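S.K.: Quick one: sequence plus predicted model below, questions after.
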Amino acid sequence: MKKVRGTLIIVLIFILLYFFQINFFSWFTIRGVKPNLFVILSLFIGLFAGKKIGGICGIVFGTILDILVGRSIGFTGIILGAIGLLGEIFDKNFSKDSRLTIIFMTAGATILFEICMYVINIIKFKIEVEILAFSILLFVEVIYNVMIVIILYPLMKKIGYYLENIFKNKKLLTRYF
Amino acid sequence: MKSSKTSFIGIIITVIVLVIMVVMSNIGTSQMYMAQTAVSKLFMPLQNGFIYIKNKLTGNDQEISDIENLKNENSGLREENSKLKEQVRELEILKSENNTLKEYVNLKNKYADYETVPANVIERSYSNYDKVIIINAGKNDGIEENMPVISESGLVGRILSVTDKTSKVQTIIDTASTVSATISTSEESILLKGTLADEKNLRATSIPVEASILQGDDVVTSGFGGIFPKGILIGTISQVVNTKNELDRYATVNPATDFSKLETVLVITNQ
């Protein structure tokens, strides 16, 4: 029952973020660059709920996004899924209680996601390689994502620990006792 | 307690910085007039003081005495200039109104042969790299893949995929989009691509060496490729960049459609 509640919370957060991303952040941009809330979401689910949930959520959310507004279907799911898995690796090696490490994790995940997506687009759609333009875009997006994480960190931490209690309860006991 | 207070202040500061960055990045420098005036008012007396001291030290007193005469002359010229500017502005408005009316009449005639399905833009891609839009017309309205999409101003893109009630449109400013076009004045063929560097404009490549291409030339679809019908306005050449190797020269095309404000489109269902 608790797990169902946890899953429902994650789905609701995704829907909320989807509407924010599509409507609000389509005009609330920095030099025309939008943040990527789904990278932050996948990373946080992986970080707090574990790699299984993080990976699955990343794949499902990415596929939904591809179906709804993507140019092709599949790749966003794979990369968001990988970020979900990465969340647990980060959790095992760094403290998620430190705002600074969370900032670095967000920046790293954003860079990883965007570089992978760009390389896939270059290969799949044979688009022209524009390193400078891409780097500027990526830099602004990383800054934007980091700022959002700084603003939402207290709320994310609260929801995150709630999800951690639901999904990682047993693992926590074996790890610390 | 202190830590949570500091954290709260940090969040507030970040929100303010974020809002400032977004606002600053989205307004043009012309709209920064107030801020520019305020800063200049603050710094100009200081700057004038420095110039005065510098002139005294270097013995440029003669120049300073001439400043009064120059100021009077300058204010007269400014007045004359502003009157002339006003006249030019009025003429430009009339010219642009005339052009818009002409374009509208031409477009109406041009697209009269096509059967079109009107639709509204309901969503835009969340990604910074895709320029895909979703419209509220689909299979049920007779829309199929690869059908051309236009707006009142010009070409928008092509249908990428359809569901019963919606369709995904790949716009011409998407980095994966390539449109075969011709320059209306010289009938030379070129290729138009979306770029990351300038998401509001298109890059015209494969310009023939002998082609004469000028700023302001209209660019229309060539009809090659079988997706877009011939003669649909795409935009105008805004810049021609000549390179050492003539084969590499390219031009920037300003699309006729304003994609940031695009709300209504027409899907051409017969070609």
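M.R.: Received it, and whenever you're ready, just let me know what you need. As the structure is a computational prediction, the values presented were derived from the model and not from experiment. Numbers count the residues shown, from 1 in each chain, chains lettered A, B, ... in the order given.
S.K.: List the contacts of the residue positioned nearest the centre of chain A.
M.R.: For chain A, residue A:39 is the residue whose C-alpha lies nearest the centre (C-alpha atoms, centre = their mean; 2.2 Å). Counting by C-beta atoms under 8 Å, 6 or more residues apart in numbering or on different chains, residue A:39 touches A:80, A:83, A:106, A:109-110, A:113, A:145. In this view, the C-beta of every residue, glycine as well, is placed from N, C-alpha and C.
S.K.: which of these come close to chain B?
M.R.: By C-beta under 8 Å from any C-beta of the partner chain, no member of the contacts of residue A:39 lies near chain B.
S.K.: for the residue nearest the centre of chain B, what are its contacts?
M.R.: Computing the C-alpha centroid of chain B and ranking residues by C-alpha atoms, centre = their mean puts residue B:200 first, at 5.0 Å. Residue B:200 makes contacts with B:173, B:254-255, B:259-260, as judged by C-beta under 8 Å, 6+ apart.
S.K.: Where in the chain is the helix or strand with the lowest mean pLDDT?
M.R.: The chain I'm using is chain A. In chain A, the helix or strand scored least confidently by mean pLDDT, DSSP states H and E is helix A:169-176, which has a mean of 54.
S.K.: wait, chain B
M.R.: Per mean pLDDT, DSSP H and E, bottom of the list for chain B is helix B:33-58, a mean of 65.
S.K.: Mind giving me the packing neighbours of the helix or strand that contains residue A:139?
M.R.: Per DSSP states H and E: residue A:139 is located in helix A:131-167. Helix A:131-167 sits against helix A:2-19, helix A:37-49, helix A:99-125, helix B:2-26, with contacts defined as 3 or more C-beta pairs under 8 Å, 6 or more residues apart in numbering or on different chains; DSSP states H and E.
S.K.: Identify whichever of the ones you listed lies nearest to residue B:234.
M.R.: The minimum distance between residue B:234 and those falls on helix A:99-125, with 19.9 Å, by C-beta to C-beta.
S.K.: The closest one: how far from the chain's middle?
M.R.: Relative to its chain's centre, helix A:99-125 lies at 10 Å (C-alpha atoms, centre = their mean, to the nearest Å).
S.K.: buried ones in it?
M.R.: By neighbour count on 16 or more other C-beta atoms under 10 Å in any protein chain shown, the buried set for helix A:99-125 is A:102-103, A:105-107, A:109-114, A:116-118, A:120-122, A:125.
S.K.: Low-confidence ranges, the chain, go.
M.R.: Just going to use chain A. A:170-177 (pLDDT under 70).
S.K.: could you do chain B instead?
M.R.: For chain B, the ranges with pLDDT under 70 are B:1-3, B:21, B:24-44, B:46-48, B:50-51, B:54-55, B:57-67, B:100-111, B:271.
S.K.: re earlier: the residue nearest to the centre of chain B: what secondary structure?
M.R.: coil (DSSP: H, G, I helix; E, B strand; the rest coil).
S.K.: Now it. Its backbone dihedrals?
M.R.: phi -90, psi -10 (degrees, to the nearest 10).
S.K.: gap between it and residue B:178?
M.R.: Remark: distance between residue B:200 and residue B:178 (C-beta to C-beta, to the nearest Å) = 18 Å.
S.K.: Quick check: residues of chain B near chain A?
M.R.: Counting by C-beta under 8 Å from any C-beta, chain B sits next to chain A at B:7, B:10-11, B:14-15, B:17-18, B:21-22, B:25-26, B:123-130, B:132, B:134, B:160, B:168, B:170, B:174-176, B:193, B:195-197, B:199.
S.K.: In PyMOL, how would I select just the buried ones from those?
M.R.: The buried subset of the residues of chain B next to chain A, as determined by 16+ other C-beta under 10 Å, is captured in PyMOL by this line:
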select buried, chain B and resi 11+14+18+21+22+123+124+125+126+127+128+129+130+132+134+160+168+170+174+175+176+193+195+196+199
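S.K.: Show me chain B divided up by domain.
M.R.: With domains defined by automatic domain parsing, chain B comprises B:71-113, B:114-173+B:263-268, B:178-255.
S.K.: Out of the contacts of residue B:200, the closest to chain A would be?
M.R.: Checking the contacts of residue B:200 against chain A by C-beta to the nearest C-beta gives residue B:260 as the nearest, at 8.5 Å.
S.K.: Which helix or which strand is home to that closest one?
M.R.: Going by DSSP H and E, residue B:260 is not in any helix or strand.
S.K.: For it, which non-adjacent residue is spatially closest?
M.R.: Leaving aside its chain neighbours, residue B:260 sits nearest to residue B:200 (7.6 Å; criterion: C-beta to C-beta, 6 or more residues apart in numbering or on different chains).
S.K.: Quick check: residue B:219 is in a strand.
M.R.: Yes - assigned with three-state DSSP, residue B:219 falls within a strand.
S.K.: beta partners of it?
M.R.: Beta bridges link residue B:219 to residue B:183, residue B:235 when assigned by DSSP bridges.
S.K.: Next, find the distance separating residue A:34 from chain B.
M.R.: 6 Å (C-beta to the nearest C-beta, to the nearest Å).
S.K.: Residue B:157 and residue B:177 touch, don't they?
M.R.: Yes - applying C-beta atoms under 8 Å, one finds residue B:157 in contact with residue B:177, separated by 6.6 Å.
S.K.: so which helix or strand takes in the closest residue to residue B:150 other than its chain neighbours?
M.R.: Leaving aside its sequence neighbours, residue B:150 sits nearest to residue B:266 (C-beta to C-beta, 6+ apart; 5.1 Å). Here residue B:266, judged by DSSP H and E, is contained in strand B:264-268.
S.K.: List the strands paired with that strand, with their directions.
M.R.: If you go by DSSP bridges, strand B:264-268 pairs up with strand B:116-124 (antiparallel), strand B:148-150 (antiparallel).
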